[in-house]
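Enquirer: task: produce atomic coordinates for the following.
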Amino acid sequence: MLDLHIHTKLCGHAVGEMEEYIEVAINKEFEIFGFSDHLPHEHIPALKPFIHLSMPENILSHYVKTVLELKEKYSSKLDILLGIEVDYDENYENETRKILSRHPFDYAIGSIHVLGDWLFDSPRQIEEWNNRVIDEVYSEYYRNIKKLILSGLFNIVGHLDLPKKFNHRPRQDFEETMLDLAKNLKNEGMVVEINISGLRYAAKEMYPSKNILSILKTERVDITFGSDAHEPKQVGENFSQALRIAQKLNFSDFAYFKNRKKLYLPLNETTELSVLS
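Expert: Numbering: from 1, shown residues only. Below you'll find the predicted structure:
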């Protein structure tokens with residue numbers, strides 16, 4: 001089994017030492033483990049108010065060096081990958097591309113947390129939902145997700161239906177929108193993570209929903225798994241549930257990346273579900 005969405009205290013809103021996360025993964029008998037902390041986003045003006053939610057620019061090289069050292073140290077027990085989570089802004093694709101090109105990332109997760117100047121998934125800005133039309137929020141979010149997919153910057157889409165985090169659900173049927181996104185994901189060779197962190201919040205549901213996963217399966221979009229851990233005990237949390245959903249939808253394998261090259265593991269050869277409970 002694997003977990004490709006892991007943060008570190010370097011981003012300013014996670015806790016625990018990196019080796020503590022690794023030890024949990026080893027204890028759960030994971031085969032593959034990817035750190036994917038937040039890329040610095042000083043280069044994106046709209047994100048500067050949220051600078052405290054990503055690594056400082058002068059820490060990025062330290063992050064890369066540390067992960068590569070841990071990869072070597074634990075090579076006999078665990079295959080550690082160097083990933084990164086990136087906030088996407090269509091106006092700064094070139095700047096983002098340059099930063100990513102300077103480091104040997106195995107994969108990049110593309111995410112959207114901000115719409116305009118609104119950090120819509122933050123508890124500190126939750127009241128702003130009262131001033132918004134929920135369907136319009138989803139429409140804007142999915143428009144940006146499509147641009148993210150077509151940018152060519154990323155390997156994985158993070159928490160695909162994130163606006164539901166605080167249980168704000170759309171009235172509009174977004175099935176056609178999701179079908180279009182799925183076709184683009186397939187064409188771009190991108191992967192969607194089953195991200196279990198939604199279970200920690202009011203949504204009480206993983207990202208993306210079962211309905212969305214069903215569309216992805218129909219369109220032959222690859223999946224992977226991520227805990228979005230911000231503390232060691234969250235590594236692999238509730239993965240047994242994620243695996244059951246994937247198996248019920250007849251996904252036969254899941255993807256990961258090395259040196260930006262997509263590789264696969266079969267679902268029927270993963271760690272026993274009891275270990276992941």
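
Enquirer: which residues touch the closest residue to Asp87 other than its chain neighbours?
Expert: In this structure, Asp87 finds its nearest non-sequential neighbour in His41, 5.3 Å apart by Cβ to Cβ, 6 or more residues apart in numbering. The way it works is simple: take the backbone N, C-alpha and C, and place the C-beta from them, glycine included. With contacts defined as Cβ atoms under 8 Å, 6 or more residues apart in numbering, His41 is in contact with Leu47, Lys48, Phe50, Ile51, Ser54, Asp87.

Enquirer: among these, which are located in strands?
Expert: Asp87 (DSSP state E).

Enquirer: show me what contacts Ser197?
Expert: Listed by Cβ under 8 Å, 6+ apart, the contact partners of Ser197 are His159, Met206, Tyr207, Ser227, Asp228, Gln234.

Enquirer: need those in TSV (columns: distance to Tyr264).
Expert: TSV is the format used below for these (distance: Cβ to Cβ, whole Å):
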residue	distance to Tyr264
His159	22
Met206	21
Tyr207	21
Ser227	20
Asp228	22
Gln234	25
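
Enquirer: could you list which of those belong to strands?
Expert: Judged by DSSP E, strands contain none of the contacts of Ser197.

Enquirer: now render these as TSV, adding pLDDT, neighbour count and distance to Leu81.
Expert: Below are the contacts of Ser197 laid out as TSV (pLDDT from 0 to 100; neighbours: other Cβ atoms under 10 Å; distance: Cβ to Cβ, whole Å):
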residue	pLDDT	neighbour count	distance to Leu81
His159	98	27	19
Met206	98	22	22
Tyr207	98	26	21
Ser227	98	27	14
Asp228	98	25	16
Gln234	98	21	18
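
Enquirer: which one of those residues is nearest Ala25?
Expert: Ser227 (9.7 Å; Cβ to Cβ).

Enquirer: correct me, but the closest one touches Lys233?
Expert: No. Using Cβ atoms under 8 Å, Ser227 is not in contact with Lys233; the gap is 10.0 Å.

Enquirer: low-confidence ranges in the stretch 151-277 of the chain?
Expert: The stretch 151-277 of the chain contains residues with pLDDT under 70 at 269-277.

Enquirer: the helices in it, which residues?
Expert: Using DSSP state H, counting those that start in this stretch, the helices of the stretch 151-277 of the chain run over 175-188, 210-218, 239-248, 273-276.

Enquirer: could you pull out the strands in the stretch 51-200 of the chain for me?
Expert: 79-87, 107-111, 114-115, 118-119, 156-157, 191-195 (DSSP state E, counting those that start in this stretch).

Enquirer: now distance to Asp3 and mean neighbour count too, for those, in JSON lines please.
Expert: Listed next are the strands of the stretch 51-200 of the chain as JSON lines, based on distance: least, Cβ to Cβ, whole Å; neighbours: other Cβ atoms under 10 Å:
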{"stretch": "strand 79-87", "distance to Asp3": "10", "mean neighbour count": "23"}
{"stretch": "strand 107-111", "distance to Asp3": "12", "mean neighbour count": "24"}
{"stretch": "strand 114-115", "distance to Asp3": "25", "mean neighbour count": "21"}
{"stretch": "strand 118-119", "distance to Asp3": "25", "mean neighbour count": "17"}
{"stretch": "strand 156-157", "distance to Asp3": "12", "mean neighbour count": "26"}
{"stretch": "strand 191-195", "distance to Asp3": "10", "mean neighbour count": "25"}
